[in-house]
Each structure stands twice: as C-alpha cells, then as structure tokens.
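**Student:** from the sequence below, what's the structure:
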Amino acid sequence: MKSEWSYYNSLPELLSAGAKKYQSKDAVGIANDFMYSYEELDQLACRVAVQLKGIDVSVKDKIALISENSPHWVGAYFGIMKAGGIVVPVLTDFSEHEMVSILEHSGSEVLYVSNKQLSRIKKILPDSIKHIISIENLEYHQASDLKLILEKPVEKPVKIKPPECKKTASEFPTLDKDDTAVIIYTSGTTGNSKGVMLSHDNLIFDAVNTASIHQVVASDVFLSVLPLAHSYESTIGMIIPLLNGSTIHYIDRLPTAAYLGPVLAKIKPTTMLTVPLIIEKIYKNSVQKKLMDSPVTKRLLKYGITRRVLHRAAGKKLMKFFGGRLRFFGIGGAAINPEVEKFLLEAKFPYAVGYGLTETSPMLSGFGPDAQVYRSIGTAIAGIELKVNNPDPETGEGEIIAKGRNIMKGYYKNPEQTKEVFTEDGFFRTGDLGTVDDNGIFYIKGRSKNMILGANGENIYPEEIESVINSQEYVADSLVMQVKGKLTALIHPNFDNLEAKIQHMKSNAHDKQVEIQSKAEEVIQDLKETVNKQLNKNSKIQKTVLQKDPFDKTPTKKIKRFLYKD
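**Tutor:** A predicted model of the protein is given here:
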C-alpha cells in the first residue's frame, strides 16, 4: 500500500499538506524557548517564498543557507523551494574558505545566514552574493549593507509571527518531482568535496520508505543535535518527523552533558540521531569509567553473565539520562565501535543503525531497535535494490552497489565524476566493501579506497584494526595506514584518562605535562602488543606512532585520511 505522501511532487507540497493535517500541533522549536506549529511553519515558509519573489529570484536559482540549526533554517529550506529555488545548505563545520568556495561553485546570489557565520566569512564574501537575509529574524539586506548588518546583530533566533500568506499554490512555480531540490556539498575523507544534486523525488522516496525500518508517529519528540546541512539530519531528522506530525526541538549551543541534562529531563525525547563519536564518548567517559574504576565490577566484566547484568543496569541509568522515553537512538555517519555496540546491545538500549551516503538521500539500509544485528548495517529499505557486486568466491566480499529512486541526479557541474560512480547497468557505487548473508543482512568491511593490499595479497581493512585500537581505555582515536611497507597506527591518546591514571602528579604544571606526555608515549608503545593479540596474522600492527594533536575530521566525525598520507 502506498503512503499518502507518495502522491506529492515536492517538499513544499508535503509541508502544506502537513499544515492542514496537523494544524496547531507543535512542529519545530528551540528547546526551552519558542515553538512553531505546523500551520505557522508553513506560513513561515510562505513568507520566505514571497520574500524571494520580491527580489526576483527565478526558478532554479541557487540560494545558500549557512546557519546553525533553528526553526528558521527549516522555514528557509522549504520557502526557498516554494519560490522555485534550489537550496544549497552549507555545513558550519566547513572552513571559511570552503564555505566561500561552495558559494562560488554553486553560483549562489542569495545567502540566508546566521550572524555568527556571517562574521566568519565577512572579509572574503564573494562578489556574487547580492542579497543577505539574517536567519535570526529573516530580515532582508543588500550585500552592500554588510557593515550595517554586523553593527546591529540579532544574537539569536526570535519567534516571528508570520503574516498570513494569502498567496495560493498556483501563484508559485509548479515544481516537478524530478526538479533539483538541494545541492549538498560533501566533505569526504578523501578531500574531494562535490555538490550532490538531490531531487524532490529522491528525498520524498527515501523519507517515506525508511518507514520499513522504523515507523515515526505523531507522538514522537525529536531532539536534534546534528547539523541540518547534512543529509542524515535533514532527511531522517527533519523531513521524516514533519511527514508524520512529530515535534522537533533544536538546541542553541554545543551538546555538552551539562547543558543536555536539563533539556533531556524537560522534553523527554523519544527520538535522537547521533554519530558514533557522541555515544562512544558517553560510554568511555561515563559507563566504562565507572565500571572499570571498581576492582569488583572490573573483574565481573570478564564473565558473560555478570557482564550482561552490569550492562543492563548501566543501560537503565543511560535511559534515565536521556529522559526515560527513548524508543529510537539512531547511529549513522560512520561505523560504531564494536565494544560500544556490544554494551548497547546487552544494555537493551534502543539503538538503531542506518547506512547510506549523501548521494543516496541518504538511507540505503538499516535496522530498528526491535531488529538489532550486531556489527551489521541491517537490511535494504523498501524499494531499494542493494547488492554486493562481483563478490569474492571465498570471502563473499565485494563493493556494495545500489539502485532506487533515492539515488542522486549527479554531481553539480561534474559529469565526469558522476559517470565514474555508476555501473554500466545504472547501479550507484558506494565505495564500501562488504558482504551480505542469506537473510539479506549487510556487513561493511571498509572503504575500497582505504583497503590495504598485504604482502601475501590479502585484503586488510584499516577500519577493523582501528576499532580494536579505539576500544582501549587510553585511546581517543587512531588511524591505520601502510608506511614504507609497514602497517602503522597513528594513535591520539585520551589525555583525560591518562591524567586520571597518574597518581603522583607534580605540583609544577610543566612537570605534570611532561609526565603525561611520557605516560602517553609508554602507553602507545605497549598498545601494539595488546592490540595484536586481538588481530589476525595479516592485520597485526608493526609500528605505532604518537599523534599528539586530535585528527582533523569531517562534519560526521570521520578522519580526513588524505591529510595524513605523508
């Protein structure tokens, strides 16, 4: 049976239909501040569309959106489309020069921007930007008034009472389902940023069919902590809840434990989306630390039965921290640490795993909290053809490829690279190597570009080795590569844990740092033996190197490997 939403051609149509269906129900807001109802959000989008038509925005014009998450980001997103424009969402984690490069490459002339982000790029704002609209209050300015805008900044979003939008759908451009809705620029681990063109149909299809993994309902309350400019959050964390009448709360600062605690206690979310780094940090700094600090519990963790009992108890405390109502804790963007996943599984925590790419709108596969399969990326979502291409006869490993209505239109202004990522019969090449079992459950081994060919011709997947290294108590992160024929691990220590470990701290601050540094180097050397005991013969580390500074990462917290090749 088709979803009612499958019959709409565009995202603005869906929003307007939702406004009629859910009316005064809370739609989007800022936690502990203000909220827009579904009707108000639709009016807000209409106001944006009218504003853009007033400055003669034409159909298919590119309009950039650079801002932290807020209800006005959502209103601008749908309003730009309603006016016939194409949204160019830009991640605030990008450098100033990356932002400007995207503005220039996309040809954007209009910029919706927060005061904070405008301040970052004010000195290098390209001449192509003619119009600037403040995301905080949606006020219009000519780009030539840049100095005036920055002199009288609005510090944070304030609720706007949108005037009733008298314009009907017929007064706005008619959108076709295959029209480009957004161009999302990726920031990959290879350093090659590309503009991914996604149509209205790509996004609607993916949002509707993800229900085969987990059904979102009107009573769901989302707490959003990931950037909306990323396809993961915008599709799964924005479009899907708005299709189903749910409520979304945004936060106006970094998601620290101190800030999140009271927010979680108040709104009691049922749904959150995260990247592995968030839950891994909570696990290492809270759960694992408390369990390992006690000699008794540390010993009991060695035995399956007692470990599961301890994990279950810790899981209940974790649920309480998140407000007690969680029914879906989505993890995506990168592979989750095996030790952390084992804890979540044994703790009966309602975690779920999703797999996909920006190019696939993004979801390709996943499992929900009721169908967890350890170390897997679940089964393909409805309507997606997902398979392993040319699997190795012995290992079953091959590149995962996909076909479906959620696959991108192509890379903006880059037909050559677009052609490269499709097979002759139209399948999209994900670049991920994996296997699939008889039940249609997929498992990822690693990125094809990262795979190392061993001396005996065997495939070595650095991600698998890194997951073992990262599970160690004094490791924050690691990167495995082949250097001069040797399998080498760059390791960034967890300096907080090292500091706590040192019992006889010097009173002199300099001596303290020297001692921590010495301990870090000692731990890094000892790790090789510890980790190698858990690895197969071909994957054993031959050299460890201390990485003093944190690794440079993408917005989804994956290491930019290309920066460390030399």
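
**Student:** per-domain residue ranges of this protein.
**Tutor:** Structural domains assigned to the chain are 4-25+35-175, 452-564, following automatic domain parsing.

**Student:** what residue ranges in the stretch 351-500 of the chain score low on pLDDT?
**Tutor:** Within the stretch 351-500 of the chain, the stretches with pLDDT under 70 are 455-457.

**Student:** that older thread, relative to residue 183, which of the domains of the chain is closest?
**Tutor:** Nearest of those to residue 183, taken as CB to CB: domain 4-25+35-175 at 5.1 Å. For glycine as for every other residue, the C-beta is placed from the backbone atoms N, C-alpha and C.

**Student:** so where's the stretch 1-150 of the chain uncertain?
**Tutor:** If you take pLDDT under 70 as the line, the stretch 1-150 of the chain has these spans: 1-2.

**Student:** residue 471 is in contact with residue 339, correct?
**Tutor:** Yes - when contacts are counted by CB atoms under 8 Å, residue 339 is listed as touching residue 471 (4.1 Å).

**Student:** can you map out the strands along the stretch 251-400 of the chain?
**Tutor:** 271-274, 328-331, 351-356, 363-367, 379-380, 385-389, 398-403 (DSSP state E, counting those that start in this stretch).

**Student:** okay, the domains of the chain in CSV with distance to residue 224 and mean neighbour count next?
**Tutor:** Converted to CSV, the domains of the chain look like this (distance: least, CB to CB, whole Å; neighbours: other CB atoms under 10 Å):
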stretch, distance to residue 224, mean neighbour count
domain 4-25+35-175, 6, 19
domain 452-564, 14, 16
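
**Student:** which stretch among those comes nearest residue 322?
**Tutor:** domain 4-25+35-175 (18.7 Å).

**Student:** and that closest one, how far out from the chain middle?
**Tutor:** Distance of domain 4-25+35-175 from the chain centroid (CA atoms, centre = their mean, to the nearest Å) equals 21 Å.

**Student:** check stretch 485-498 too.
**Tutor:** The chain centre lies 25 Å from the centre of stretch 485-498; the measure is CA atoms, centre = their mean.

**Student:** what about residue 231, neighbour count?
**Tutor:** 26 (other CB atoms under 10 Å).

**Student:** can you pull the contacts of it?
**Tutor:** Going by CB atoms under 8 Å, 6 or more residues apart in numbering, residue 231 touches 184, 196, 198, 358, 361-362.

**Student:** residue 139 is nearest to which of the strands of the stretch 251-400 of the chain?
**Tutor:** strand 271-274 (30.9 Å).

**Student:** the closest one packs against which elements?
**Tutor:** strand 221-224, strand 328-331 (3 or more CB pairs under 8 Å, 6 or more residues apart in numbering; DSSP states H and E).

**Student:** can you add mean neighbour count, mean pLDDT and distance to residue 400 and give those strands back as JSON lines?
**Tutor:** Listed next are these as JSON lines, based on neighbours: other CB atoms under 10 Å; pLDDT from 0 to 100; distance: least, CB to CB, whole Å:
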{"stretch": "strand 221-224", "mean neighbour count": "23", "mean pLDDT": "98", "distance to residue 400": "28"}
{"stretch": "strand 328-331", "mean neighbour count": "23", "mean pLDDT": "97", "distance to residue 400": "18"}
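
**Student:** include distance to residue 415 when you put those into JSON lines, please.
**Tutor:** Converted to JSON lines, the helices and strands packed on strand 271-274 look like this (distance: least, CB to CB, whole Å):
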{"stretch": "strand 221-224", "distance to residue 415": "35"}
{"stretch": "strand 328-331", "distance to residue 415": "34"}
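
**Student:** nearest to residue 68, of these?
**Tutor:** Across these, closest to residue 68 is strand 221-224 (CB to CB), at 10.8 Å.

**Student:** contact partners of that closest one?
**Tutor:** 31, 69, 233, 237-238, 241, 246-251, 263-264, 267-273, 325.

**Student:** what strands line up against that strand, and which way round?
**Tutor:** strand 247-250 (parallel), strand 271-274 (parallel) (DSSP bridges).

**Student:** out of those, flag the one nearest residue 414.
**Tutor:** strand 271-274 (28.9 Å).

**Student:** now that closest one: how far from the chain's centre is it?
**Tutor:** For strand 271-274 - counting by CA atoms, centre = their mean - the centre lies 10 Å from the chain centre.

**Student:** from now on call the first residue 14
**Tutor:** That works, and once the first residue is 14, the last one we named lands at strand 284-287.

**Student:** what's the burial count for the closest residue to residue 300 other than its chain neighbours?
**Tutor:** Closest residue to residue 300 apart from its sequence neighbours, by CB to CB, 6 or more residues apart in numbering: residue 327 at 5.0 Å. Residues near residue 327, counting by other CB under 10 Å, number 21.

**Student:** what does residue 214 give?
**Tutor:** By other CB under 10 Å, the residues close to residue 214 number 21.

**Student:** and it, how close does it get to residue 89?
**Tutor:** Distance, residue 214 to residue 89, using CB to CB, to the nearest Å: 22 Å.

**Student:** okay but residue 349 is in contact with residue 290, surely?
**Tutor:** No - look at residue 349 against residue 290 with CB under 8 Å: they stay out of range, at 9.6 Å.

**Student:** and these two? Which one has more around it.
**Tutor:** Legend: neighbour count by other CB under 10 Å for residue 349 and residue 290, higher for residue 349 (22 against 18).

**Student:** who are the contact partners of the more buried one?
**Tutor:** 289, 292-293, 366.

**Student:** from the residues you listed, which two are the most distant?
**Tutor:** 293 and 366, at 13.5 Å, using CB to CB across these.

**Student:** for this protein, what's the longest helix?
**Tutor:** Looking across the chain with DSSP state H, the single longest helix is helix 522-545.

**Student:** what residues does that helix touch?
**Tutor:** Identification of contacts with helix 522-545 by CB under 8 Å, 6+ apart yields 478, 481-482, 485, 487-488, 502, 504, 506, 508, 511-512, 514-515, 518-519, 553-554, 556-559.

**Student:** keep only those of those that are in helices.
**Tutor:** Judged by DSSP H, the contacts of helix 522-545 include 478, 481-482, 508, 511-512, 514 as members of helices.

**Student:** could you export the residues you listed as a markdown table, including distance to residue 132?
**Tutor:** Formatted as a markdown table, the ones in helices among the contacts of helix 522-545 follow (distance: CB to CB, whole Å):
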| residue | distance to residue 132 |
| --- | --- |
| 478 | 42 |
| 481 | 43 |
| 482 | 39 |
| 508 | 31 |
| 511 | 36 |
| 512 | 35 |
| 514 | 41 |
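
**Student:** list of residues touching stretch 503-518?
**Tutor:** By CB under 8 Å, 6+ apart, stretch 503-518 touches 297-298, 302, 482, 486-494, 525, 528-529, 532-533, 536-537, 540, 557-564, 577.
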